[in-house]
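K.L.:
Dropping a prediction and its sequence here:
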Amino acid sequence: MRKSNPKHQLNKLLAHIDGAYAENTLRAYKADMSEFIEYCVSRGKKSLPATPEVIASFLLDASNTRIKSATIRRKVASISAIHRLSNLADPTKHSEVKLAVRKIQRKLGTKFKQAYPVTASVLARLLQACATDLRGMRNKALLLIAYDSMRRRSELVSLRVGDLVRDSDGLISILLRKSKTDQEGTGQWIHLGAAATTALENWLNLSKIRDGFILRGISPTNEVQGELSAGQIGRVFKCLAKKAGLCSEAIEGISGHSMRVGGAQDLLIKGASLPQIMVKGGWVKTDTALRYIERLRRGYLPAETKAIAPYLEIL
């Protein structure tokens, strides 16, 4: 019967919870659970509710496909959430599933792969690689806003012209309406420095953008398009890294997270406290924020931040 079809059940549930969770979260739930459903169908097993043994088998099989430990953990979280939101007992809490995850982590490792940090010195080279045309002005604004704010890709592309205000000192602040750690939309102000303010003004004046999204795509014919997608940000950074003549390690490692890593490291070197760095970058978990600064050599740490060093060694 249609009602017993697990894919139909999944789609119905996702439609029901749409708006309560971030789009990326819903996308992960759908992708991971759909994969699990197909796995169960191919083996004649039930997926909703699923048994711990079937989930453990699914995870162990997935670990043989050049997958990362973080992806395995995400799949577990997705299966868990779909069961709980369906008012079903959570089978991922069973010892069988936990044992499977431990086996996978020992096999694959749990090392966090960090993006190449775009610190102030690297940022200067990227800015020099920007052209003086429309695309170049957009890229300069993107680079400086990303560095000053240390915000996530999805948050950068959500910024709007209508949320700009000019402070008494002439600098621009932008209201970030919603973020990964502020799903209810309380809002947080992003304060730009002089260079970012100038770059943003130049971009808006040249592009003639008066409302809507600040960061936009640009067509091959040099026309301003709709909002810039979050996925394009990393590609823009990589393209500029190549033009700037950065080393192969930098080009390969640069991603949409690079500004967050570099900005956090620069703040630490300047003597910022861990809570200050966490507020700036929008982190709520200490261990997550620490991962972004773990590669700093101890010699770079100012005296007031030496206390953080022991925590970096255990990550």
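P.N.:
Yep, it's here.
K.L.:
contacts and neighbour counts: CA atoms only from here.
P.N.:
Will do.
K.L.:
Could you list the low-confidence segments of this structure?
P.N.:
1-4, 110-113, 180-185, 294-315 (pLDDT under 70).
K.L.:
check contacts around the residue nearest to the spatial centre of it.
P.N.:
With distances taken as C-alpha atoms, centre = their mean, the residue of the chain nearest its centroid is residue 152 (5.1 Å). Taking C-alpha atoms under 8 Å, 6 or more residues apart in numbering as the criterion, residue 152 is in contact with 256, 257, 260.
K.L.:
So what's the residue count around the nearest residue to the first one once chain neighbours are set aside?
P.N.:
Meaning residue 256. Distances taken as C-alpha to C-alpha, 6 or more residues apart in numbering place residue 234 nearest to residue 256, at 4.2 Å, with adjacent residues excluded. By other C-alpha atoms under 10 Å, 16 other residues sit near residue 234.
K.L.:
thinking again about what came up before, I'd like the contacts of residue 152 laid out as a markdown table, including distance to residue 38, secondary structure and neighbour count.
P.N.:
Formatted as a markdown table, the contacts of residue 152 follow (distance: C-alpha to C-alpha, whole Å; DSSP: H, G, I helix; E, B strand; the rest coil; neighbours: other C-alpha atoms under 10 Å):
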| residue | distance to residue 38 | secondary structure | neighbour count |
| --- | --- | --- | --- |
| 256 | 32 | coil | 24 |
| 257 | 33 | coil | 22 |
| 260 | 37 | helix | 30 |
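K.L.:
and the residues you listed as a markdown table, adding distance to residue 156?
P.N.:
As requested, those are exported to a markdown table (distance: C-alpha to C-alpha, whole Å):
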| residue | distance to residue 156 |
| --- | --- |
| 256 | 10 |
| 257 | 11 |
| 260 | 12 |
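K.L.:
what sits up against the helix or strand containing the residue nearest to residue 256?
P.N.:
For residue 234, the host element (DSSP states H and E) is helix 230-243. Under the contact criterion C-alpha under 8 Å, 6+ apart, helix 230-243 has outside partners 126, 129-130, 139, 153-154, 156-157, 250-252, 254-257.
K.L.:
just the residues you listed now: which is nearest residue 223?
P.N.:
residue 139 (14.5 Å; C-alpha to C-alpha).
K.L.:
could you give the angle of the helix or strand harbouring the closest one to helix 230-243?
P.N.:
Using DSSP H and E, residue 139 falls within helix 134-149. Helix 134-149 and helix 230-243 are oriented at 100 degrees to each other (axes from the mean of the first three to the mean of the last three C-alpha atoms, to 10 degrees).
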